[in-house]
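> Just need the structure, nothing else, for what follows:
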Amino acid sequence: MAIHTVMVLPHVAAPGLDQAFLSHAQWQGIPSCSLVRAEDGGAVTLATSLRVAWSARGVHVCFCCTDPSPLSRDFAVEASSDMEEAVGVFLDPIGDRSQYMAIMATPYGGVADARIENPWHHSLRHETDETWDCPGVRLRSWSQHAEWSLELLIPFNGITPAIDAVRPGDRWTGNFFRIAPQPPSEISAWQPCYTSPPDLHASDHFGILEFGH
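Numbers count the residues shown, from 1 in each chain. Model (predicted):
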């Protein structure tokens, strides 16, 4: 039986209506955790730290990814189809791990989102609706020294399956991951899937996201 780790998401002041992202000071006050090797929970070669919080606007996610070869491209440029470096977010507001939203983002500004039906809890039979787009999702990315970072705002009114409201104490399920294709290639995740090769849609292993005060 899978052991489901609980991450408590701190509640933070929402950005202004003309903004989408948290301040540096806000992020520094949010606890971080490290992604682990997706297939077995072991240590990774390319470290990634993760911070997640929520506000009245939605769910805020920030990845900080080490990179031995700092990216030098303009991050405002849309990602091309051959770029595979990406981070991802799976969110299931119902909590049964059978249907959830998936958002993948590249440091170059590319976003791919989909709605997943997965009552079988693995990738072999899950159904993906790639025609769905998460309304209002926003991202920004930046690099410095030997790392790059990416921040996402996932607005509550874009969540699927739809929710009425979020209150402290509510629980969702979900997972967060990074795909790093450059040598040594690896997939890391908040919650490992314990399959080889990694099955990111092994939703039985999703963790629990609790909305804090």
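> Give the closest residue to P161 in space, chain neighbours not counted.
Spatial nearest neighbour of P161, chain neighbours left out: I94 (5.6 Å); criterion: C-beta to C-beta, 6 or more residues apart in numbering. Bear in mind the C-beta positions are built from the backbone N, C-alpha and C, glycine included.
> Can you tell me which residue sits nearest the middle of this structure?
In the chain, the centroid-proximal residue (C-alpha atoms, centre = their mean) is V89; its distance is 2.6 Å.
> Now do it against L200, distance only.
According to C-beta to C-beta, to the nearest Å, V89 and L200 sit 11 Å apart.
> who touches both of the two?
Residues touching both V89 and L200 comprise N175, with contact defined as C-beta atoms under 8 Å, 6 or more residues apart in numbering.
> Could you say which helix or strand holds the residue nearest to the centre of the chain?
Of the helices and strands defined by DSSP states H and E, V89 is found in strand 86-92.
> coming back round to it: pLDDT value on the residue nearest to P161, please?
On pLDDT, I94 comes in at 94.
> does it count as helix, strand or coil?
With DSSP: H, G, I helix; E, B strand; the rest coil as the basis, I94 sits in coil.
> Just give me the neighbour total for it.
14 (other C-beta atoms under 10 Å).
> same thing with the one 10 residues further on?
Residue crowding around M104 was assessed by other C-beta under 10 Å; the count is 18.
> Remind me what the helix or strand containing it packs against, helices and strands.
Per DSSP H and E: M104 is located in strand 99-105. Applying 3 or more C-beta pairs under 8 Å, 6 or more residues apart in numbering; DSSP states H and E, one finds that strand 99-105 makes contact with strand 86-92, strand 111-117, strand 147-155.
> Could you pull out the buried residues of that strand?
Neighbour-count burial for strand 99-105, with 16 or more other C-beta atoms under 10 Å as criterion, is recorded at 99-105.
> likewise stretch 15-25?
15, 20-22.
> how much space between G88 and E39?
Distance of G88 to E39, given as C-beta to C-beta: 16 Å.
> still on that earlier bit, as JSON lines, the helices and strands packed on strand 99-105 with distance to D164 would be great.
Formatted as JSON lines, the helices and strands packed on strand 99-105 follow (distance: least, C-beta to C-beta, whole Å):
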{"stretch": "strand 86-92", "distance to D164": "16"}
{"stretch": "strand 111-117", "distance to D164": "19"}
{"stretch": "strand 147-155", "distance to D164": "15"}
